[in-house]
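>>> Fold the following.
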Amino acid sequence: GYVFCWGTGTYGSFGNANLTGVASTAKMVPGVAGVQALDAGDYRTCVVRKAGQVLCFGYNVNGVLGNGNTKSGPAHVVPKGLSDVRQIDTRAYHACARTGPKGTIWCWGRGSEGQLGDGSKKSSLVPKKIYVGGRIVSVAVGDYHSCAVTTAGNVRCWGRNNEGQLGRGTNVDSAWPGDVAGSQLAPFGSEEKCQIDADCGDDGNACTAAHCDTKTGTCGHKVGSDGFGCGDGAPCTEADHCDSGECVGTAKKCGANAACAESGCASGTGVCMAMPKATGSQCGKGKVCSGGQCASKMVGWALAVEAGGEHNCALRDNGTVWCWGRGNYGQLGYGSTSHRSEPTPAKGLTSITRISAGHSHNCALKSDGTVWCWGRGSYGQLGQGNTKNAYVPVQVKGLKDAVFVVCGVEYSCAIDKAGLTDRVQVVHF
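Sure thing, here's the model as predicted:
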């Protein structure tokens, strides 16, 4: 299809050299056809064409257009090294793309908070291939962090963690992808097998000696590097257990969700991790051990993750929505404005088929066609006829037969069934 844009075309975000001001009506982007998907960040637009080619234009701060420089403008540029792109997501200062049938992830732009996921905190003017673990079905970027969902249903995040947006039960930044607390349906790295300096299974990444557990044949990250220790996913040998991010001592075996008297609570694999909040305490029903802490367990498999400014929400296969990170406007949906560093269910949501996150609000589409939104409402983005915030999901007024919903930074949009024609197609990737 063709692309139409409206609003402010600052920095060339409309891809039209003759239109860089404000457009109050929809204007076609010239020279762009066959578009299958698009995403808009802060004053920039990226489109995915039928052949999997990406074109970006607009604001190029930190090289977020991915073409090797920082020149902004309406010129259509191609991020270097990308092909067969299935999804792209861009926010303020960085972007990530999912490519090929195996869901390889590439990230570029600002990296000073670790949001590019390559183990460093360096920025990049061109896309960099990163190892998330397994095949990826969805990727999302926030202001300074990124998240992805694997085919095994795990949610993994990396980057800035000042409000707990990595979902690990801490506020420590990480430049490595790691499991969100309670989302692990398969251990980190279990989707891929490896040998020293050999390929890690299907996605073609190599495991170095420092990243490969030769006993189990699973890929992990180097122990102790950049705050990403074995408690978050790097494998320990059978003779070791994890203590404060280091593989040490003798393994202590115990049952899932049980307590280890000596060294802490058990992970889903039955290996004792670092000391929990209360020595020897049980994690209890509905809780799992993550990084030595008892955390809420997300129910069901993750189908998708959406990243807001400093929060995230995941859609599970049972139709529930779980959110974590910054909650100052109620954007976590559990009835409070407190931040959460582990997933928390949004109240009252069932039978959800799609979610979308704005900067500080979210919307969800139910199977009955109703749309529910929560969080910041200062600009009317919750669809309530007022500008109040909502700490729990509320139904959008006057919209009962929707088939698609999406959130902008401070606005929301939906497609209703009555508006579909043979010229309007909702594309899912």
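
>>> Quick check: Asn67 touching Ser124?
No. Contact criterion CB atoms under 8 Å: Asn67 and Ser124 do not qualify, at 11.8 Å. Just so you know, the C-beta spots here come from the backbone N, C-alpha and C atoms, and that holds for glycine as well.

>>> Helix or strand with the lowest mean pLDDT in the chain?
strand 259-260 (a mean of 36; mean pLDDT, DSSP states H and E).

>>> Which stretches in the stretch 301-429 of the chain count as strands?
302-307, 311-316, 321-325, 340-345, 352-357, 361-366, 371-375, 390-395, 402-407, 412-416 (DSSP state E, counting those that start in this stretch).

>>> Return the fourth one as PDB; C-alpha atoms alone will do.
When you say that, I think you mean strand 340-345. Taking Å, rounded to 0.1, in the frame of the first residue of the first chain, the C-alpha atoms of strand 340-345 are listed here in PDB:
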ATOM      1  CA  ARG A 340       7.000  -2.300  39.600                       C
ATOM      2  CA  SER A 341      10.200  -4.200  38.800                       C
ATOM      3  CA  GLU A 342       8.400  -7.400  38.100                       C
ATOM      4  CA  PRO A 343       5.300  -8.200  36.000                       C
ATOM      5  CA  THR A 344       1.900  -7.300  37.500                       C
ATOM      6  CA  PRO A 345      -1.500  -8.200  35.900                       C
END
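
>>> Partner strands of that strand and their direction?
strand 321-325 (antiparallel) (DSSP bridges).

>>> Name the surrounding residues that touch the partner strand.
If you take CB atoms under 8 Å, 6 or more residues apart in numbering as the criterion, strand 321-325 is touched by 163-165, 167, 180, 298, 308, 310-316, 331-334, 339-346, 349, 352, 355, 362, 364.

>>> Next, give phi and psi for Asn386.
Torsion angles at Asn386 (phi, psi; degrees, to the nearest 10) stand at phi -150, psi -180.

>>> and if you look at Gly63?
Dihedral angles (degrees, to the nearest 10) for Gly63: phi 70, psi 30.

>>> check contacts around it.
Gly63 neighbours (CB under 8 Å, 6+ apart): Asn69, Thr70, Trp108, Gly109, Ser123, Ser124, Leu125, Val126.

>>> Can you give me the separation between Leu349 and Gly375?
Distance of Leu349 to Gly375, given as CB to CB, to the nearest Å: 13 Å.

>>> Give me the common contacts of those two.
Gly333.

>>> Comparing these two, which residue is more hemmed in?
More crowded of Leu349 and Gly375, by other CB atoms under 10 Å: Gly375, with 31 against 21.

>>> isn't that one right up against Arg326?
No. Between Gly375 and Arg326 there is no contact under CB under 8 Å: 10.0 Å.

>>> Now for these two: what residues contact both?
Common neighbours of Gly375 and Arg326 (CB under 8 Å, 6+ apart) are Gly308, Ser360.

>>> Low-confidence bits of the chain, can you list those?
24, 26, 182-300, 418-429 (pLDDT under 70).

>>> if you set the cut-off to 50 instead, what comes out?
185-295, 420-429 (pLDDT under 50).

>>> thought Lys174 was touching Asn162?
One correction, residue 174 is Ser, not Lys. No. Counting by CB under 8 Å, Ser174 sits too far from Asn162 to count as a contact (12.0 Å).
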